[in-house]
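K.L.:
coords please:
(2 chains, ligands or ions: 2)
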Amino acid sequence: MPSVIIDNIEAVPGLIQRLYTISERHLLDGILSSIDNSVMRTKRQLITIYKLVALISENLLCRQTVKRPPIKIQGQRRAFSITSPLNQELRPPTEKDEELSVDALGRPTKKTNLYTAINQAMDIALATDPKALLFGEDVAFGGVFRCSTGLREKHGADRVFNTPLCEQGIAGFAIGVAAQGHTAIAEIQFADYIFPAFDQIVNEAAKYRYRSGNQFDVGGLTFRAPYGAVGHGGLYHSQSPEAYFCHTPGLKVVVPRSPVQAKGLLLASIRDPNPVIFLEPKWLYRSSIEEVPIEDYEIPLGEAEVIRNGEHVTIVGWGAQLLVLEQAIQMAEEKLGITCELIDMKTLLPLDIDTVVKSVKKTGKLLISHEAPKTGGLAGEIACAVQERAFLHLEAPIKRVTGYDTPFPLVFERFYFPDALKNYEAIKELIEY
Amino acid sequence: MMGLRSLRTIQTIQPRRSFATAAEPQKVAEKAKKKDKFTIGKDGTITVEFGVNPFRGHKLEPPPAVATTTKEELLNFFKQMTLWRRVEVAADNLYKAKQIRGFLHLYNGQEAIVAGYESVLNKDDHVITAYRCHANFMGRGGTPFEVISELTGKATGCASGKGGSMHMYKRDTNFHGGNGIVGAQVPIGAGAAFGLKYNGKPNVCIAMYGDGAANQGQNFEAFNMAALWKLPVIFVCENNKYGMGTSAERAAANTEYFTRGDAVPGLKIDAMNVLSVKSGFAFAKEWALTKGPILVEAETYRYMGHSMSDPGLAYRTRDEVAAIRAERDPIDKVKLYLLENQLATEEELKEHEKEIKRTVDEAVKKAADAPLPEAKELYTDIYTDMPYYVRHTNIEDSLVVEK
Ligand SMILES: Cc1ncc(C[n+]2csc(CCOP(=O)(O)OP(=O)(O)O)c2C)c(N)n1
Ligand SMILES: [Mg+2]
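P.N.:
Ligands and ions are numbered 1, 2, ... in the order given. From the prediction side, this is the model:
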């Protein structure tokens, strides 16, 4: 399901007014396509919208009586992503909420960095699901990136605990626990260390449901692991292993780009009835700060998001690479006088190719960028899937700007890295093609 | 929820937090009372009878609690260990000055292990270890300059600047590094030992891992293969009491690491004393060559944090670290042997220390001036031949090196 994009925040109250009074499906469809040109197809999506409408209008009502800082709209093009809110109780604001802002949906928010957003998601998951467990190397002490700080104290040492240093064991254990109906959140300290667990994930977790004819499953399983470059990580603290897992039917693979996304996507991953590999951009743990809704919310899996609208080139990325792409786009828009459409894939398995194809049909040009090496990387898969469906719309060969086909280098990280300049050059070549 | 309940019982047994034996001051004091007995023979051979037995055996009779050495060897131990520690101090400073990037794990406190095993191995024996590998490399003949160069990513480094802190290698003396993935080196060590045996070499392979790594499954696979094929391998568990922030007791149901080899017999050694390490490894090498694999638990202690991002005090007390430094430091131990038996004077040792500091300072200076690897090195050594293309970060400097 593509998420709903509202480009123009001023239009929201009017839209709500209309949506609120409308209960006919066809009319709602009409309104919806006026929001983001995407067509609603399923009943679930409709329900989501109804809930959304109710939440927004209630929020708008209650906001009138409360003094809160105005909604900040960052930049003209900034799109607001609306995701299915859970049935959260709207409560009268307390004094403590004074430092809070509200987002486009009227949800109370707080300035939060990425690792704290992850922490909140796990906190909520543990609080709302008595069968949820969190474990991994040193997680009871907060983990090396502080993602699980305070969770053992809050939820108990029987639910948040350290494992020995044994990734294959951790993965197998997590699978067994999940097969017993538990919600297992297993942390692998660095994505580089997930390979000792690879067998369990690929051969056991991914095939558990299929091979038992649906008698057993490990749907409650989520593996979290920090991935990607940090500027100086060297060979074993920098890798992006997403493509290995995307080659494995039965898994889902999710990568968030920001704190808001991380919290919503992680909650959705934990609650998704399939095993999920959730790769966290460790470069952003501290550096990415956003107004993050305090409440429990999910961002649906399997949906890409257009995070910047444009006419001339479609640019696809995920996770921390989106920041690099934003820079490249700014450069391109300034120097070349063009506009680019930026898409965050969010879920890498299954891929939401619809969203990319729709954009490519508009722009005719596609660039895909990731940190992992080029050969066998996910960009190849996306490129192929797009040309299958939009061949005649393509006006230039699809470009991939990725890491080199080398191990992740130590001193040469800056050469290896698919930085803004390399992406800018590729955009330029696409434009000039 | 049965599952939750049974987990609760596991998790609520909170193991003791502190260092198992050595940190308890009383015991340390008791040990200190039973002094080692030093006898210097006419030919200069020194025999040391340990006051406290440094050995424990598992499925084997441990060697007698004695060691032999010489004045020269003791002095050499002192110089080696002081040098290695000095290099770590320099690395520490360089890291803080942002000259070393990435991950840096220091060996301070554990030097006696390398000094001890190197005194009984020759350079045809093989060594493989994990990421805490600077001293191991220098023990195999590597120089401080090569270490510092590698740490700072220079072309003059022991892996041409391509590996960094966790990856020191030395082909000519059979040092296989340098592994970032915890536990991965242990079966590799078994394979290397097979190679030695197959080729009829009178040599062993030492495969080292930590107390944390001891819980990785591949160790047990390696132990079994080694026992099955009677491989000349010495598995060495460096028990420094912690794997990152987790104490041994919190991570392992059985912290008697020397007993965890099943069919592989074990020997536990007090590895804060280079002489007991020496005797223990002499025994272990003989065993490995004649009988097959043996598992040595080297009981030691890490002074610094796990890596540079760990101050090392969140999971243990300052007193614990201080007590071990004060009572059991391996360099102090040798120093004491030398001074108490009038084998060296305070001034002499000071002079050596100064000389060593000078050597390391020079290495740091020289490494600072050393060149970075050429850009094409990004692409070399992946396959035997590989075309490469390196685009620099800015267009002006950018060159297609070759295609
Ligand atoms: C497969 C794998 N998992 C996790 C890590 C992260 N890690 C590096 S060292 C370490 C602790 C190892 O402790 P120990 O084996 O006792 O060795 P020590 O650091 O004490 O020398 C951990 C968890 C890693 N490098 N590789
Ligand atoms: Mg250890």
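K.L.:
B:Arg302 against B:Gln110, yeah?
P.N.:
Yes: counting by CB atoms under 8 Å, B:Arg302 does reach B:Gln110; the two are 6.4 Å apart. Any C-beta I mention is one placed from the backbone N, CA and C, and that applies to glycine too.
K.L.:
what do those two both touch?
P.N.:
Common contact partners of B:Arg302 and B:Gln110 (CB atoms under 8 Å, 6 or more residues apart in numbering or on different chains): B:Asn240.
K.L.:
A:Asn113 and A:Tyr285 touch, don't they?
P.N.:
Yes: using CB under 8 Å, A:Asn113 makes contact with A:Tyr285 at a distance of 6.9 Å.
K.L.:
Can you report how many residues neighbour B:Glu355?
P.N.:
13 (other CB atoms under 10 Å in any protein chain shown).
K.L.:
likewise A:Arg414?
P.N.:
Count around A:Arg414 with other CB under 10 Å applied: 12.
K.L.:
Can you report phi and psi for it?
P.N.:
phi -70, psi -20 (degrees, to the nearest 10).
K.L.:
Return the distance of it relative to chain B.
P.N.:
5 Å (CB to the nearest CB, to the nearest Å).
K.L.:
so what's the closest residue to chain A within the stretch 301-403 of chain B closest to, chain neighbours aside?
P.N.:
Of all residues in the stretch 301-403 of chain B, B:Leu378 sits closest to chain A, at 4.4 Å by CB to the nearest CB. Spatial nearest neighbour of B:Leu378, excluding adjacent residues (CB to CB, 6 or more residues apart in numbering or on different chains): A:Phe412 at 4.4 Å.
K.L.:
And the residue of the stretch 301-433 of chain A found nearest chain B, its phi and psi?
P.N.:
Among all residues of the stretch 301-433 of chain A, A:Val411 sits closest to chain B, at 3.7 Å; criterion: CB to the nearest CB. In terms of degrees, to the nearest 10, the main-chain angles of A:Val411 are phi -80, psi -20.
K.L.:
and what of A:Asp354?
P.N.:
Dihedral angles for A:Asp354 - degrees, to the nearest 10 - are phi -50, psi -50.
K.L.:
Do you know the pLDDT at it?
P.N.:
Looking at A:Asp354, its pLDDT stands at 98.
K.L.:
Okay, it and A:Met345: tell me how far apart.
P.N.:
Separation of A:Asp354 from A:Met345 (CB to CB, to the nearest Å): 12 Å.
K.L.:
more neighbours, these two?
P.N.:
Remark: of A:Asp354 and A:Met345, A:Met345 carries more neighbours, 28 against 14, as counted by other CB under 10 Å.
K.L.:
wait, doesn't that one sit right on A:Ala304?
P.N.:
Yes: A:Met345 is within contact range of A:Ala304, at 4.9 Å (criterion: CB under 8 Å).
K.L.:
shared neighbours of the two, which are they?
P.N.:
Common neighbours of A:Met345 and A:Ala304, using CB under 8 Å, 6+ apart, are A:316, A:351-352, A:356.
K.L.:
so which of those residues comes closest to A:Thr248?
P.N.:
Checking these against A:Thr248 with CB to CB, the nearest one is A:Leu351 at 13.5 Å.
K.L.:
My read is that the closest one contacts A:Ile382, right?
P.N.:
Yes: here A:Leu351 lies in contact with A:Ile382, judged by CB under 8 Å, at a distance of 6.6 Å.
K.L.:
got any residues that touch both of those two?
P.N.:
A:Met345.
K.L.:
which parts of chain B sit against ligand 1?
P.N.:
B:132, B:180-182, B:209-213, B:238, B:240, B:242-244, B:302, B:306 (CB under 6 Å from any ligand atom).
K.L.:
These also near chain A: which ones?
P.N.:
Among the residues of chain B next to ligand 1, the residues lying close to chain A (CB under 8 Å from any CB of the partner chain) are B:180-182, B:212-213, B:243-244.
K.L.:
Mark which of these are buried, thanks.
P.N.:
Taking 16 or more other CB atoms under 10 Å in any protein chain shown as the criterion, what is buried in these is B:180-182, B:212-213, B:243-244.
K.L.:
check contacts around A:Lys207.
P.N.:
A:Lys207 neighbours (CB under 8 Å, 6+ apart): A:Gly250.
K.L.:
Name the SS class of it, please.
P.N.:
helix (DSSP: H, G, I helix; E, B strand; the rest coil).
K.L.:
Give me the neighbour count for the residue of the stretch 1-150 of chain B found nearest chain A.
P.N.:
Scanning the stretch 1-150 of chain B for the residue nearest chain A gives B:Arg101, at 3.3 Å (criterion: CB to the nearest CB). Using other CB under 10 Å, B:Arg101 has 21 other residues around it.
K.L.:
how is the chain carved up into domains?
P.N.:
In the absence of a named chain, this looks at chain A. As given by automatic domain parsing, the domain ranges for chain A are A:9-63, A:99-293, A:305-432.
K.L.:
hm, I was asking about chain B
P.N.:
If you go by automatic domain parsing, chain B breaks into B:28-372, B:375-403.
K.L.:
for the residue in the stretch 151-300 of chain B that ligand 1 sits nearest to, which residues make a bridge with it?
P.N.:
Among all residues of the stretch 151-300 of chain B, B:Gly210 sits closest to ligand 1, at 2.2 Å; criterion: CB to the nearest ligand atom. Beta bridges link B:Gly210 to B:Glu238, judged by DSSP bridges.
K.L.:
show me what contacts it?
P.N.:
B:130, B:132, B:182, B:237-240, B:243.
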